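S.K.: fold the stuff below for me.
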Amino acid sequence: MRVSLLIRLVFFAALLSLGACSRDGKKTDPVETLPVDQVYALAKEALQNGNLERAARTYERLVARFPFGAYTEQAQLELAYAQFKDHKEEEAYSAVNRFIKTYPTHKHIDYAFYLRGLINFARSDGLLERYINRDETKRDQAYALQSFEDFGEMVKRYPDSRYAGDGRQRMIYLRNNMAQAEIGVALFYLRQKAYVAAANRAEKVVETYQRTPQAGDALAIMTEAYARLGQEQLSADTRRVLELNYPDHQYLKGQYPPKRQSWKRLLPFTDRG
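M.R.: Sure, this is the predicted structure:
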């Protein structure tokens, strides 16, 4: 039976049930009496209409009433999605983790891994802007790193998944943002004249994020920090590496480091769903 027809039948049954009362005179919620396929159809319709809270409640009740079966499995996955879209990341993360552990061979398990990455991506997205006026050494990148690992696991396990391409692009975005955050910390130390700390933080970028655009910035910071420390040979050697690999870098034109760190986004991820 087609879903649209099923939904119409469910609503018809629901309308009939609105007039029905239990023995104590109270109206009965159709979710408590309908069979599993019709309860699922109600939850799906609520989700499609953007009624996320009702969708989540209906999915939860479906799972409670019908602990086993194909509808229950799908309901648990869609429950996590509804919670994610409703910005309830903690609940969504717990729900999708339960799904992954309970149904490791589910036909949509690749999407479950992808959704887990999206949830942490949402928690990390905007983190730099959210804390832009705070001490840059205290930024927590745990969610960004976890999202990167989630997408990495999904891509490794399911390289041919329809979600793999987007997962790879988000990994690039996250990697660049994490490198940018480290550059922000290094610049903070440089402005505070903590030159050893600045050089060490920039060196971490060179070692950990070699393939990011921020590697050039890290070399520039190291060159400047070594010069301020009086380590002329180290500064000269690092500058030569910068010239060889990033001949057009602003530092070589006397335009770096900037007065204030720039936190421009590198990829426009506006759709989290």
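S.K.: which parts of the stretch 151-273 of the chain are helices?
M.R.: Remark: helices of the stretch 151-273 of the chain, listed N- to C-terminal, are 164-191, 195-208, 214-228, 232-245; assignment by DSSP state H, counting those that start in this stretch.
S.K.: in a markdown table: those, plus mean pLDDT and distance to residue 35.
M.R.: Where you see a C-beta, it was placed from the backbone N, CA and C, and this is true even at glycine. Formatted as a markdown table, those follow (pLDDT from 0 to 100; distance: least, Cβ to Cβ, whole Å):
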| stretch | mean pLDDT | distance to residue 35 |
| --- | --- | --- |
| helix 164-191 | 94 | 36 |
| helix 195-208 | 96 | 54 |
| helix 214-228 | 95 | 56 |
| helix 232-245 | 96 | 65 |
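S.K.: most packed of those helices?
M.R.: Relative to the other members of the helices of the stretch 151-273 of the chain, helix 214-228 carries the highest mean neighbour count by mean count of other Cβ atoms under 10 Å, namely a mean of 24.
S.K.: neighbouring contacts of that helix?
M.R.: Contacting residues not belonging to helix 214-228 are listed as 176, 179-180, 182-183, 186-187, 190, 193, 195-196, 198-199, 201-203, 205-206, 209, 232, 234-235, 238-239, 241-242, 245-246, 249-251, 256-257 [Cβ atoms under 8 Å, 6 or more residues apart in numbering].
S.K.: include distance to residue 107 when you put the helices of the stretch 151-273 of the chain into CSV, please.
M.R.: Output for these, formatted as CSV (distance: least, Cβ to Cβ, whole Å):
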stretch, distance to residue 107
helix 164-191, 16
helix 195-208, 37
helix 214-228, 39
helix 232-245, 46
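S.K.: looking at these, spot the one closest to residue 149.
M.R.: Shortest separation from residue 149 across the helices of the stretch 151-273 of the chain is recorded for helix 164-191, at 9.3 Å, computed as Cβ to Cβ.
S.K.: and that closest one with helix 214-228, angle?
M.R.: 10 degrees (axes from the mean of the first three to the mean of the last three Cα atoms, to 10 degrees).
S.K.: starting at the chain centroid, how far to helix 164-191?
M.R.: Helix 164-191 sits 14 Å away from the centroid of its parent chain (Cα atoms, centre = their mean, to the nearest Å).
S.K.: now that helix and helix 195-208, what's the angle there?
M.R.: Going by the same axes, to 10 degrees, helix 164-191 makes 160 degrees with helix 195-208.
S.K.: helices or strands up against helix 164-191?
M.R.: Secondary structure elements in contact with helix 164-191, counted by 3 or more Cβ pairs under 8 Å, 6 or more residues apart in numbering; DSSP states H and E, are helix 109-124, helix 127-130, helix 142-157, helix 195-208, helix 214-228.
S.K.: distance to residue 71 added to those, as a markdown table?
M.R.: Conversion of these to a markdown table gives the following (distance: least, Cβ to Cβ, whole Å):
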| stretch | distance to residue 71 |
| --- | --- |
| helix 109-124 | 17 |
| helix 127-130 | 37 |
| helix 142-157 | 25 |
| helix 195-208 | 45 |
| helix 214-228 | 47 |
